[in-house]
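Enquirer: Quick one, structure for this:
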Amino acid sequence: MKYSKELNTAKKAAAEASAIIREYASDESFSIELKGKNDLVTDADISAENKIIEILNEAFPEDLILAEESQARKILPEGRVWIIDPIDGTTNFAHQFPRYCVSIALWDQKTPRVGLVLEVASQELFTAVDGEGAWMNGKEIHVSQNTDPSSSLIGTGFPYNNLELVDNYLVLFKRMMEKTHGVRRPGTAAWDLCNVACGRFEGFYEYGLSPWDVAAGALIIQEAGGVICDWEGEDDWLFGERIIAGNKVIKDFLKDEIQACFQKVQLKK
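Expert: Numbering: from 1, shown residues only. Just a heads-up that it's a prediction; the model follows:
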C-alpha cells in the first residue's frame, strides 16, 4: 500500500494521544483555558498534541506540521505537511460529553494523501489513503447512496466565532428540519465528516472551521465515494472555513439551501 509507513505512524500517534486523553478524562484532572469566547484548550490538548508531534518528527523529521495548538498557517506549503488536531471537540471533552476525536492528516503537493480520525470514547478508527479507499476499524466504508433529502439525516455545527450569522443559521436550520429527516450537531466536525463517509449522515455543512478540523475527514469522505466543496461549490474548503460534504445530489441540495439563506451575507474568510 502507498503511504503504509505514514498510515502506521499516524495510527501509532493517534493511539498514544488517545491514551493520554482517556487518562485525563478518567480523573478529570485537566485545567481549562479560554483562547477566546467559546474556544477552549485543556492540558489534555497540549499533552496529546506534543505526543503526536514527537512521533511524527521521529518518523519523518523533514516533514512540516500544522497543529491547532501550536501553529496557525494560512497557506498550505507545497511539500509534505501533517495537519493535526489532538482533540477535535474540546468543549465536549471539557464537559465530559463523549464525542471527541484525534484527527491526523498528511497532505503532499496540496493534496490529501493520508487521513485518520479516532473517536476516543468509542475507539472508532476511520482511515483513508489516497486511491486506496476508506475504512472504519478495518471494514471498507462508503457514503450513502440515498439522494432524497426528505429521508436524509444531515450533520452540522454552529460557528462560535461569528455570532452575527446566527439568524441566518437559524433560518437554514429551520429549512433543514422541514426538508430532511433530521439534523444532528455532535460538536466534532472530524467525526461528523466520518459519519458522512460511512453513510450515517447523508450530508454535512458547517461554517467557521479550520484546516485541522477537516483535513483528515475530507479525504476519508472522498475515498468513500463522496464529494467536498465550499459553500459556493468550489474547492476553497481547507482554509475557506466553509464546507459541504455528501454524495453529489445531497451536496448540491445543501449548497442550494445554504445559498438561499446566505445570499445577501458577506461571509468572513
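Enquirer: my hunch is that residue 259 is in a strand, does that hold up?
Expert: No - applying DSSP: H, G, I helix; E, B strand; the rest coil, one finds residue 259 to be helix, outside a strand.
Enquirer: Can you give me the pLDDT of the closest residue to it other than its chain neighbours?
Expert: In this structure, residue 259 finds its nearest non-sequential neighbour in residue 231, 7.1 Å apart by C-beta to C-beta, 6 or more residues apart in numbering. All C-beta atoms are positioned from the backbone trio N, CA, C, and that covers glycine. In this model, residue 231 is scored at 95, pLDDT.
Enquirer: Residue 243: neighbouring residues, count only.
Expert: 27 (other C-beta atoms under 10 Å).
Enquirer: Residue 154 now?
Expert: The number of residues near residue 154, taken as other C-beta under 10 Å, comes to 27.
Enquirer: Repeat that for residue 101.
Expert: For residue 101, using other C-beta under 10 Å, the count is 35.
Enquirer: Any stretches of the stretch 101-250 of the chain with poor pLDDT?
Expert: For the stretch 101-250 of the chain, the stretches with pLDDT under 70 are 161-162.
Enquirer: quick one on the thing from earlier: surely the residue nearest to residue 259 touches residue 255?
Expert: Yes - under the criterion of C-beta atoms under 8 Å, residue 231 makes contact with residue 255 at 6.8 Å.
Enquirer: Pull up the overlap in contacts between these two.
Expert: residue 244 (C-beta atoms under 8 Å, 6 or more residues apart in numbering).
Enquirer: Next, the residue nearest to residue 259: phi, psi?
Expert: Main-chain dihedrals, residue 231, degrees, to the nearest 10: phi -80, psi -10.
Enquirer: do the same with residue 149
Expert: Torsion angles, degrees, to the nearest 10, at residue 149: phi -60, psi -30.
Enquirer: Pull the number of nearby residues for it.
Expert: Neighbour count for residue 149, taken as other C-beta under 10 Å: 18.
Enquirer: again, but for residue 196
Expert: 29.
Enquirer: tell me the secondary structure for it?
Expert: Secondary structure state of residue 196, per three-state DSSP, is helix.
Enquirer: and it, what does it touch?
Expert: Shown in contact with residue 196 (C-beta under 8 Å, 6+ apart): 143-144, 155, 202-204, 221, 224, 226, 245-246.
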